[in-house]
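Engineer: quick one, fold the following:
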Amino acid sequence: MLVKTFGSAVYGIQAITITVEVNIAAGTKFFVVGLPDVAIKEAYFRIDSALRNCGYRMPRQQVVVNMAPADIKKEGSAYDLTIAVGVLAASSQIDAAELDKYLIMGELSLDGSLQPIKGALPIAIQARKEKYKGFILPKQNAREAAIVNDLEVYGVENIKQVADFFNKTAALEREIVNTREEFFDSLTNYDNDFSDVRGQENIKRALEIAAAGGHNVILIGPPGAGKTMLARRLPSILPPLTLHESLETTKIHSVAGKLSTADALVTTRPFRSPHHTISDVALVGGGSNPQPGEISLAHNGVLFLDELPEFKRTALEVMRQPLEERRVTISRAKFTVDYPSSFMLIASMNPCPCGYYNHPEKECICPPGTVQKYLSKISGPLLDRIDLHVEVTPVNFTELSSDRLAEKSEPIRERVIKARERQIERFGNKPDLHANAQMSPQMVRDICKINQAGQTLLKKAMEKLGLSARAYDRILKVSRTIADLAGSEEILLEHLAEAIHFRSLDREGWAG
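Structural biologist: Numbers count the residues shown, from 1 in each chain. Predicted structure coming up:
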C-alpha cells in the first residue's frame, strides 16, 4: 500500500515542502531514497523501537520510503515522525484519509516521545502558504509555530497521540498564541539601562548618534573604563522591533535552534557577543550543513566584538562584505543559501597590549613599536566600515560616587525614534531603507549636501587624518544623523565638526 505524508526542509531561512512516500510490498528490507543523510537512514531503528513501545508494530515486509523532490539533500532527524506516520498508515494501523491536510515533523525517541526540531517557524509559514490545514510537531516547538495565523498548530508529546488523532479516538489540543499581544507585551523589556552608567557622557552621546543612524562604533580605552558596560546597554536605546522585523529575526533564531520553549517571538533586539576565539564559519555562517552565524543571529540587533584585535584576522575580514551588503551568501557546489545580516557592529579594544597607552594616570609598559603592531591587527578596509571611533577615558572617583541620577534609556530612545522617523520620511518609498547608515553613495550625494564652509572643513580633516573616500561618505552620513537628532533640515557646521570628531581615532591618530 502506498501512502504520502508531508514534511519540510529548511534552506537558509526558507522552507521547502518534502513529500514522504511510503510503500509496503513483499520483501524484508527497509529502504530510504531521495538523498537522505545518515541521520535519516538511521531512522529505522528509532521508528521500530518507538512503535513497539507505543503498542504498534513495524511491518515485517519491504518498506520503501521516497523523499521527494529527490534531487534535494534531506538532513536531520526531524523526519522521524513524518516517516513513522507514513509507515503506520501504509500498514493500515491508522486511518490515512486526512494525512494530506497536515504537515508532520518531529524527532522520535526510542520510547515514542518527541524531541524538538529546528526551523519550526519558517516551516509553519510555508505550510500556511501552501494551504495546509494544520501542522503537527513536538510540544516544545508549538508556541513558536503558533504565531502563524490561519494554521492549526498541534503540539504533541508522543507518536501515540498522533496515531489516536488520525484514528479519531482522541483529539489534540490546538496551540493558540496571540501574536500581537505576545509582541507588544515585552517590546522594551531590557535588563540593562543607561542610568546604570556613571559619567561617560561623551560616549553616551556617540552611542545615541549610532543608534539614531544605525552606525557602527568602535570604543577604544583602558581596562575598566566601561566599554563593555556601555555596549551592553546599546539595544535599550534602539527603536523597538517592528512586527515584520520580529518575525524575520525569529525565523533566523528558529533555524539555528536558539529559541527557548517559552519563547514564541524574539521581541527585543538581539545582542550577540561572541568570544574572540570564534571561527570564521561560526561568525559568518556555513558548515557542511549550513547554519546562520553570529552576524545573522544579530540581524536587526547588535553584534558586539569585545577585544577586537584578539579576533583572528581572517574572521574579521570575512565580515567586510556582509557589513556593506547586509546579507551573507553561503555557496556550495549544489546549492546557495542567503542569510540576512543587517546588524549594528559595536567593537571595543584596548589601545595597546598592556591597556594603558595614553592613560591619564598609569604608564604604558609596552616596548617601542608594540602599540602600532597591536593596532595594525585591524585592517584599514574594516576600520573604514566603522563610522564612529570613540576614545573611552576612565571615570574619576567624583563621578563614580556622585548621587546625581544619570539619564535613563527611555528618553534617549524617544530621541532616537524621532530621528529614525525623520529618516524614514525622507527615504519615502524605499521599504528596505530605514537608517542613514544604509544610504548608497548616490543617496549620500543627494541627501547629505553641505555648504562651502563645510566643504573646507571636511577637506582639511581628510588631509590631516588621511581618510579614505569611504570614510568621507561615513562622515557625511554621521553628520546627517546628528542633524536629524537636532531636528535640522540642513547639515550645519557644528554637525559636521562633531562627526569629524568621532573619526579622530582613525589609524594615523591612534599611535601618536
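
Engineer: I'd like the distance between residue 133 and residue 114.
Structural biologist: 20 Å (CB to CB, to the nearest Å). Where you see a C-beta, it was placed from the backbone N, CA and C, and this is true even at glycine.

Engineer: for residue 20, that is, sorry about that
Structural biologist: Counting by CB to CB - residue 20 and residue 114 are separated by 17 Å.

Engineer: who has more neighbours, these two?
Structural biologist: residue 114 (27 against 23; other CB atoms under 10 Å).

Engineer: so that one, which state does it fall into?
Structural biologist: strand (DSSP: H, G, I helix; E, B strand; the rest coil).

Engineer: sec struct for residue 330, please.
Structural biologist: Reduced to three states by three-state DSSP, residue 330 is strand.

Engineer: what residues are up against residue 130?
Structural biologist: residue 17 (CB atoms under 8 Å, 6 or more residues apart in numbering).

Engineer: longest single strand anywhere in the chain?
Structural biologist: strand 14-25 (DSSP state E).

Engineer: low pLDDT regions in this protein?
Structural biologist: 186-188, 262, 397, 400-401, 504-512 (pLDDT under 70).

Engineer: which residue is nearest the centroid of it?
Structural biologist: residue 297 (2.2 Å; CA atoms, centre = their mean).

Engineer: quick check: the residue nearest to that one when sequence neighbours are not counted vs residue 89, distance?
Structural biologist: Excluding the flanking residues, the one nearest residue 297 by CB to CB, 6 or more residues apart in numbering is residue 272, at 5.3 Å. Distance, residue 272 to residue 89, by CB to CB: 43 Å.

Engineer: over to residue 423?
Structural biologist: 55 Å.

Engineer: just residue 394 next, same as before
Structural biologist: Taking CB to CB, one finds residue 394 at 70 Å from residue 89.

Engineer: before we move on, the earlier item: how many residues are close by the residue nearest to residue 297?
Structural biologist: 19.

Engineer: next, give phi and psi for it.
Structural biologist: phi -110, psi 130 (degrees, to the nearest 10).

Engineer: over to the one 5 residues further on?
Structural biologist: In terms of degrees, to the nearest 10, the main-chain angles of residue 277 are phi -90, psi 0.

Engineer: so how many other residues sit close to it?
Structural biologist: 10.

Engineer: now it: how far from residue 13?
Structural biologist: On the measure of CB to CB, residue 277 and residue 13 end up 27 Å apart.

Engineer: repeat that for residue 455.
Structural biologist: Residue 455 is 44 Å from residue 13, by CB to CB.

Engineer: number of nearby residues for residue 74?
Structural biologist: 21.

Engineer: my bad, residue 469
Structural biologist: Per other CB under 10 Å, the neighbour tally for residue 469 reads 10.

Engineer: can you check residue 227 too?
Structural biologist: 26.

Engineer: repeat that for residue 95.
Structural biologist: Residue 95, neighbours per other CB under 10 Å, totals 15.

Engineer: what about it, is that helix, strand or coil?
Structural biologist: coil.

Engineer: just checking, it touches residue 169?
Structural biologist: No: taking contacts as CB atoms under 8 Å, residue 95 lies outside contact range of residue 169: 9.9 Å.

Engineer: what about stretch 230-237, start to end distance?
Structural biologist: One end of stretch 230-237 to the other measures 11 Å (CA to CA, to the nearest Å).

Engineer: one more: stretch 67-84?
Structural biologist: With CA to CA applied, stretch 67-84 spans 13 Å between its terminal residues.

Engineer: check stretch 388-405 too.
Structural biologist: 27 Å.

Engineer: in it, which residues are buried?
Structural biologist: The neighbour-count check on stretch 388-405 (16 or more other CB atoms under 10 Å) flags 388-394 as buried.

Engineer: same deal with stretch 233-253?
Structural biologist: 233-239, 241, 245-253.

Engineer: over to stretch 149-169?
Structural biologist: Within stretch 149-169, the residues that count as buried by 16+ other CB under 10 Å are 151-156, 158-163, 165-166.

Engineer: likewise stretch 306-321?
Structural biologist: For stretch 306-321, by 16+ other CB under 10 Å, it's 306, 308-309, 311, 315-316, 318-319.

Engineer: reformat these as TSV; add secondary structure and distance to residue 413.
Structural biologist: Below are the buried residues of stretch 306-321 laid out as TSV (DSSP: H, G, I helix; E, B strand; the rest coil; distance: CB to CB, whole Å):
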residue	secondary structure	distance to residue 413
306	coil	24
308	helix	26
309	helix	31
311	coil	30
315	helix	32
316	helix	30
318	coil	32
319	coil	27
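
Engineer: widest-spaced pair of those residues?
Structural biologist: The span of the buried residues of stretch 306-321, defined through CB to CB, is set by 306 and 318 at 18.5 Å.

Engineer: what residues does the strand or helix carrying residue 210 touch?
Structural biologist: Counting by DSSP states H and E, the element that carries residue 210 is helix 201-213. Here helix 201-213 makes contact (CB under 8 Å, 6+ apart) with 194, 197, 215-217, 219, 226, 230, 233-234, 237-239, 344, 346, 387-388, 390, 392, 407, 412-413, 415-416, 419-420, 423, 435-437, 477-478, 480-482, 484-485, 502.

Engineer: for stretch 417-437, same thing?
Structural biologist: Against stretch 417-437 from outside (CB under 8 Å, 6+ apart): 212-216, 239, 387, 438-439, 447, 477-478, 480-481, 484-485, 487.

Engineer: just the buried ones among the residues you listed, please.
Structural biologist: Among those, those buried by neighbour count (16+ other CB under 10 Å) are 212-216, 239, 387, 438-439, 447, 477-478, 480-481, 484-485.

Engineer: helices along the stretch 351-500 of the chain, start to end?
Structural biologist: Counting by DSSP state H, counting those that start in this stretch, the stretch 351-500 of the chain has helices at residues 370-375, 380-384, 397-401, 409-427, 441-447, 452-465, 469-486, 493-501.

Engineer: the nearest residue to residue 96 once chain neighbours are set aside is in what secondary structure piece?
Structural biologist: Spatial nearest neighbour of residue 96, excluding adjacent residues (CB to CB, 6+ apart): residue 89 at 3.8 Å. According to DSSP H and E, residue 89 maps onto helix 80-90.

Engineer: give me the contact list for whichever helix or strand comes after that helix.
Structural biologist: Next in sequence after helix 80-90, counting helices and strands by DSSP H and E, comes strand 102-104. Strand 102-104 has contacts (CB under 8 Å, 6+ apart) with 5-8, 17, 81-82, 85, 123, 127, 132-137, 162.

Engineer: pull the most distant pair out of the buried residues of stretch 388-405.
Structural biologist: Among those, 388 and 394 lie farthest apart (CB to CB), at 19.9 Å.

Engineer: count of residues packed around residue 117?
Structural biologist: 27.

Engineer: can I assume it is in contact with residue 124?
Structural biologist: No: using CB under 8 Å, residue 117 is not in contact with residue 124; the gap is 11.3 Å.

Engineer: for the closest residue to residue 13 other than its chain neighbours, give me its contacts.
Structural biologist: The shortest distance from residue 13 to any residue other than its chain neighbours is 4.6 Å, reached at residue 251 (CB to CB, 6+ apart). By CB under 8 Å, 6+ apart, the contact set of residue 251 is 13, 121-122, 125.

Engineer: need the contact list for residue 365.
Structural biologist: 354, 356.

Engineer: let's see it at 6 Å
Structural biologist: residue 354 (CB atoms under 6 Å, 6 or more residues apart in numbering).

Engineer: any idea how far it is from residue 373?
Structural biologist: Applying CB to CB to residue 365 and residue 373 gives a distance of 15 Å.

Engineer: which stretch of helix or strand covers residue 50?
Structural biologist: Applying DSSP H and E, one finds residue 50 within helix 43-53.

Engineer: between helix 80-90 and that helix, find me the angle.
Structural biologist: 60 degrees (axes from the mean of the first three to the mean of the last three CA atoms, to 10 degrees).
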